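[1] quick one, fold the following:
(one chain, ligands or ions: 1)
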Amino acid sequence: MVEFIRFAILGLGTGGIFALLALGTVQIHRGSGVLNFAQGAVGMVAGYVFWDLRDNRGVDGYLAMGTGVVAAAILGLLIYLVIMRPLRDAPPLTKVIATLGVMVVLQSSALLIYGSDTRSIAPTIPANAWNIGGGVAIGVDRIILFSTAIVVAVALTMLYRFTQFGMATEASAENPLATAALGHSPDRLAALNWVLGSAVGGLAGVLVVQITGLNITLLVLLTIPSLAAALVGRLHSYMLTVLGALLIGVGQSLVTRYIDVSGLSSALPFIVIFVLVLLSGRALPTRGEASMGLPRVGTGRVSPVNIVLVGAVALILVWTVFSSNWVNGMINTLVIAFVALSVVVVTGYAGQVSLAQIALAGLGAYFTGRLVAASDWPLWAATLAGVFATIPVGLLLALPALRARGITLAVITLGMGLVLQTMLFENSDLTGGITGTQVGNPVIFGIDVNAIAYPERYATVVIVLLLITGVGVANLRSSRVGRRLLAVRSNERAAAALGINVVEAKLFAFGIGAAIAALGGILMAFRGPSIVYSDFGVFGSVNILMWAVIGGVGYILGAGIAGTLAAGGVGAYIFDLLGDGFSEYVPLVGGIVILLVVTRLPDGLAQPNIEAWDLVASKFGRNRFSQDLPDFPERALDRQGANGETSQSAENQLTVVPPRLLKVDNVAVRFGGVVALNNVSLEVRPGEVLGLIGPNGAGKTTLIDAITGFVPNVTGDMFLDGVSIGLRAPHQRARLGIVRSWQSVEMFTHMSVGESLRLACEPRDRRSYLMSMLRLRDEPFPDSALEVAEGFGFADKLETAVDELSFADRKLLGLARSMASSPSVLLLDEPAAGLDGEEVEALRHIIPRLAKDRGMAVLLVEHDVNLVMGVSDRVMVLDFGTKIAEGSPPEVSADPAVIAAYFGEPEHLVDANADSGSR
Ligand SMILES: Nc1ncnc2c1ncn2[C@@H]1O[C@H](COP(=O)(O)OP(=O)(O)OP(=O)(O)O)[C@@H](O)[C@H]1O
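    Numbers count the residues shown, from 1 in each chain. This next block holds a predicted model:
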């Protein structure tokens, strides 16, 4: 028992360190929305300032500690002013990458100045043991750490609850514009929070170095468990953060003492977070939840000529131009490019930030290495087994991605990388003991390709495999599955509403990403006769994500650029040409470059290169993109045309949908105390338009959300042709033929108009996942996409990026998208909002035709009463979630309850009545 208490108390000290770092992280996040991965590095700087002042310049210990804290605060201010302020409106991924860049710059600068050795230093704070009775003694330094964390947490809680500054920060996080209008500068508030948060991190730094000594990597790595603690506090609550940190600290200490599993203590926080996220996360984001926002992606269309050209140049360089040293640099570049390709799939295409790709690479290397070294498997078989064995782990990693997104996922994957590092790669019992994993010389088709004796042979193997994989990834991008991934990355809700199974798409991306990373890892590992597991540590994953972002995380070429930047890669060799030893500066330069790139070229370096290449290619009359789009502008229906005189060709093509009856039976939805829907029942029949009107907040959108499966806790039931759909997921309901549009503009960014429409009506088959990396044939542009493109006047805009469309066009594209799949039941949520008179007129023509000519059952939610009364067969009215009227447009218009709740004065209805009467 004494032992137990002693270790638990020891853990409180460690927990105190995590807590202090985490408190600063939470504060910065609350004040500026940024999750600072550089918090440990800032603490490290404070620790070094303290040590340098005290031990090298004779400054008093406590004064030196104070100065360390001030230095951290100033550093925080600089980070904010120079890097984070310009990135204020950047997507969260960019901010994450920027703080990782800061971490790398601080870490590599410190390593260049002080080296990597641990320096133990005499403590300034009292370090004597204090006997608390029962034979238990605890270090006073631990008590100081623990109590400092509590005091800081209480102080921060009070600061945010009771001071002008704290309340203004909270308000600013909710609504920066309103806060600015009240005279508080959101900019100044964010800067102050960075100063304070960094000072708290600095405090952690000056205290912790007195216990652990000065070790740069160790101090930087403290960020990881502290981020886990911050997640326990949901990046908001100081007290929960401290509690989380203390539990993690105590848990780690006890695990170290009582459970003899190597690395388990460092893995503990992430196992806990992993489980927490699985239990508490949400499968789909809620209404209005911001999406991650990611850099641009390429089209995935690569010309075979270019592939042959790149391969030929690489082989000529390797076999005739490069010395073996440079060939080695080339190999290093290419293997990292390989792993970076997996980042392109997972982060670039699917939008899931994974900081564990190098760890997965290491896992592939581990499996294959052990099979070769311990079981004498032939290399090809071991490689296949290694790749396939890594896929389930990639899928495991995808589990949190199914419930969490954005920065939470970044932290979890980083933690998973750490788990693999500490529990597997650093555990010599598992990696082959003292001798490690001896894989000997790789032999392929009877040819010895070992990279030491025959670097050009090994390079050839890597070039061939990389080209094949690169083409596969490009095919994936331009395939049906690629479009699904892009849809999921930019808007999970809208993707699910089109019948895309978001879970399946994410699992696929992580699975394929794991396979590619594993193959890359195997190629990394077999460069030498013995596997170097230190290549697969967490910093490797951080670096590779950074390099991929610098290169362009949405582009195949971006992966190539990433490889060039890698330590030991061609970039380092070019650097060495500048002078001996210059390559040492590569990590530092890489960190600085990432900061420049994220602030100036957020889509990475690949994109301007591709544009330049296209320009050159077009000068020679070559169009890189072979279009598989239809050639039909002359048949296009322009907007005026939609107003009545439809072109004959478009009329003739209208596809009639299978008729289905939607029945909603006593549906109720509550949000806390708000009753958004109160036992509403309705029927929408094939071939009719049911208008749904009601004041703001009446529950109209909630009804559409409930029918399409986007709100939890719905009571009552819904039936499609008599079959209950109440328990089905949103994508399943969409596949049954219930499709919705959105009140707001919910686009799939970085797609063209043609791709968006094509995506909407493609089959959601699973077989496509298997075939996605093989381009067997170009699929023709689907007829139903063609039909809506013509109907909405997008025929000549199919190549236009959706991001370049006007607001009205985006809104219309959203409508076109929902119609493209020819749903049996179409739920339109305020389609006319934001459209001009002419466009509304077009809708007045299109909506009844969907019902009458195509047989859809249409539910139309709209505030434009004239439109509703003009196109609806029946109208239903909601007020405070309750149905107050239902009937023909004239009946509803004359209903006194409706007039009282919604219309106000009856004269507002003169037009509507006239309109509906004339139909
Ligand atoms: N996710 C949510 N959490 C809490 N309350 C919600 C949520 N979604 C909707 N509500 C509440 O439910 C009620 C119905 O909202 P809903 O958006 O469905 O109304 P609406 O009729 O579509 O309004 P509008 O015409 O303004 O779009 C409102 O009081 C709204 O504040």
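
[2] the closest residue to the ligand within the stretch 451-600 of the chain - how many residues pack around it?
    Of all residues in the stretch 451-600 of the chain, Arg493 sits closest to the ligand, with a separation of 12.0 Å (C-beta to the nearest ligand atom). Placement of C-beta: from N, CA and C, glycine included. For Arg493, the tally of surrounding residues (other C-beta atoms under 10 Å) stands at 21.

[3] is it true that it touches Val711?
    No - here Arg493 does not reach Val711: they are 11.3 Å apart, not a contact under C-beta atoms under 8 Å.

[4] quick one on the thing from earlier: the residue of the stretch 451-600 of the chain closest to the ligand belongs to a helix?
    Yes - membership of Arg493 in a helix is supported by DSSP: H, G, I helix; E, B strand; the rest coil.

[5] least trustworthy helix or strand in this structure by mean pLDDT?
    Evaluated with mean pLDDT, DSSP states H and E, the helix-and-strand set of the chain has its lowest mean pLDDT in helix 639-642, which scores a mean of 38.

[6] for stretch 182-195, give the mean pLDDT please.
    The predicted model gives stretch 182-195 an average pLDDT of 86.

[7] now do the buried residues in it.
    Using 16 or more other C-beta atoms under 10 Å as the test for burial, stretch 182-195 gives 184, 186-187, 189-195.

[8] cool, and stretch 853-872?
    854-862, 864-872.

[9] filter these down to the ones in helices?
    Using DSSP state H, 865-871 are the members of the buried residues of stretch 853-872 that sit in helices.

[10] now render these as JSON lines, adding distance to the ligand.
    Listed next are these as JSON lines, based on distance: C-beta to the nearest ligand atom, whole Å:
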{"residue": "Val865", "distance to the ligand": "13"}
{"residue": "Asn866", "distance to the ligand": "16"}
{"residue": "Leu867", "distance to the ligand": "14"}
{"residue": "Val868", "distance to the ligand": "13"}
{"residue": "Met869", "distance to the ligand": "17"}
{"residue": "Gly870", "distance to the ligand": "19"}
{"residue": "Val871", "distance to the ligand": "18"}
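
[11] now Ala459: phi and psi?
    When quoted as degrees, to the nearest 10, the phi and psi of Ala459 stand at phi -60, psi -40.

[12] quick check: closest non-adjacent residue to it.
    Closest residue to Ala459 in three dimensions, ignoring its sequence neighbours and counting by C-beta to C-beta, 6 or more residues apart in numbering: Val318, at 4.5 Å.

[13] Pro890: neighbour count?
    Counted by other C-beta under 10 Å, the residues lying close to Pro890 total 15.

[14] same question for Leu682.
    By other C-beta under 10 Å, 20 other residues sit near Leu682.

[15] what's the burial count for the closest residue to it other than its chain neighbours?
    If the residues on either side of it in the chain are set aside, Leu682 comes closest to Val664, at 4.9 Å by C-beta to C-beta, 6+ apart. Residues contacting Val664 under the criterion other C-beta under 10 Å number 20.

[16] and what of the one 4 residues further on?
    Neighbourhood size, Ala668 [other C-beta under 10 Å]: 18.

[17] that one belongs to a strand, doesn't it?
    Yes - according to three-state DSSP, Ala668 belongs to a strand.

[18] contacting residues around it?
    With contacts defined as C-beta atoms under 8 Å, 6 or more residues apart in numbering, the neighbours of Ala668 are 675, 677-680, 714-716, 881.

[19] repeat for Val684
    With contact taken as C-beta under 8 Å, 6+ apart, Val684 is in contact with 661-662, 690, 825, 857-859.

[20] and Asp60, how many residues sit next to it?
    Applying other C-beta under 10 Å, we find 12 residues neighbouring Asp60.

[21] again with the one 4 residues further on
    As a burial measure, Ala64 scores 22 neighbours (other C-beta under 10 Å).

[22] kindly check the end-to-end length of stretch 417-424 for me.
    Using C-alpha to C-alpha, to the nearest Å, one end of stretch 417-424 lies 10 Å from the other.

[23] can you give me the mean pLDDT across it?
    89.

[24] pull out the buried positions in the helix or strand Ile884 falls within.
    If you go by DSSP states H and E, Ile884 is part of strand 882-887. If you call a residue buried by 16+ other C-beta under 10 Å, then strand 882-887 has these buried ones: 882-886.

[25] mean confidence for the following helix or strand past it?
    Using DSSP H and E, the helix or strand that follows strand 882-887 in sequence is helix 889-894. Here helix 889-894 scores 90 as its mean pLDDT.

[26] any idea which helix or strand comes after the helix or strand hosting Ile544?
    Secondary structure assigned from DSSP H and E places Ile544 in helix 538-551. Using DSSP H and E, the helix or strand that follows helix 538-551 towards the C-terminus is helix 556-565.

[27] out of the contacts of Ala668, which comes closest to the ligand?
    Minimum distance to the ligand across the contacts of Ala668 is 6.7 Å, recorded for Gly881 (C-beta to the nearest ligand atom).

[28] how much space between the residue most central in space within the chain and the ligand?
    When C-alpha atoms, centre = their mean is applied to the chain, the residue found nearest the centroid is Gln352 (3.6 Å). Shown here: Gln352 relative to the ligand, a distance of 24 Å by C-beta to the nearest ligand atom, to the nearest Å.

[29] also Ala894?
    Where the ligand is concerned, Ala894 sits at a distance of 22 Å (C-beta to the nearest ligand atom).

[30] in stretch 307-317, what's buried?
    Under the neighbour-count criterion of 16+ other C-beta under 10 Å, stretch 307-317 has 307, 310-311, 314, 317 buried.

[31] nope, stretch 673-681 is what I meant
    Using 16+ other C-beta under 10 Å as the test for burial, stretch 673-681 gives 676-678, 680.

[32] the residue nearest to Leu682 touches Val714, doesn't it?
    No - at 10.1 Å, Val664 does not count as touching Val714 under the criterion of C-beta under 8 Å.

[33] need the overlap of contacts for those two.
    What both Val664 and Val714 touch, as defined by C-beta under 8 Å, 6+ apart, is the set Ala706.

[34] and the stretch 601-750 of the chain, which residues reach the ligand?
    Where the stretch 601-750 of the chain comes near the ligand, counting by C-beta under 6 Å from any ligand atom, the residues are 671, 674, 676, 694, 696-702, 743.

[35] make it 5 Å
    671, 674, 676, 696-702 (C-beta under 5 Å from any ligand atom).

[36] would you list the phi and psi of Leu827?
    Dihedral pair for Leu827: phi -110, psi 110, per degrees, to the nearest 10.

[37] for the stretch 301-450 of the chain, which segments count as strands?
    443-444, 447-448 (DSSP state E, counting those that start in this stretch).

[38] one more: the chain?
    Remark: strands assigned in the chain by DSSP state E are 129-131, 137-139, 443-444, 447-448, 662-671, 674-684, 689-693, 714-720, 723-724, 738-740, 825-829, 857-861, 874-879, 882-887.

[39] remind me, longest helix of the chain?
    In terms of residue count, the longest helix belonging to the chain (DSSP H) is helix 2-32.

[40] quick one: mean pLDDT for that helix?
    87.

[41] pretty sure Leu334 contacts Leu467?
    No - taking contact to mean C-beta under 8 Å, the distance of 9.9 Å between Leu334 and Leu467 leaves them out of contact.

[42] more neighbours: these two, which one.
    Neighbours per residue, other C-beta under 10 Å: of Leu334 and Leu467, the larger number sits with Leu334, 29 against 16.

[43] skipping adjacent residues, who's closest to that one in space?
    Nearest-residue entry for Leu334: Val462, 4.5 Å, with adjacent residues in sequence omitted and distances by C-beta to C-beta, 6+ apart.

[44] thanks a lot, catch you later.
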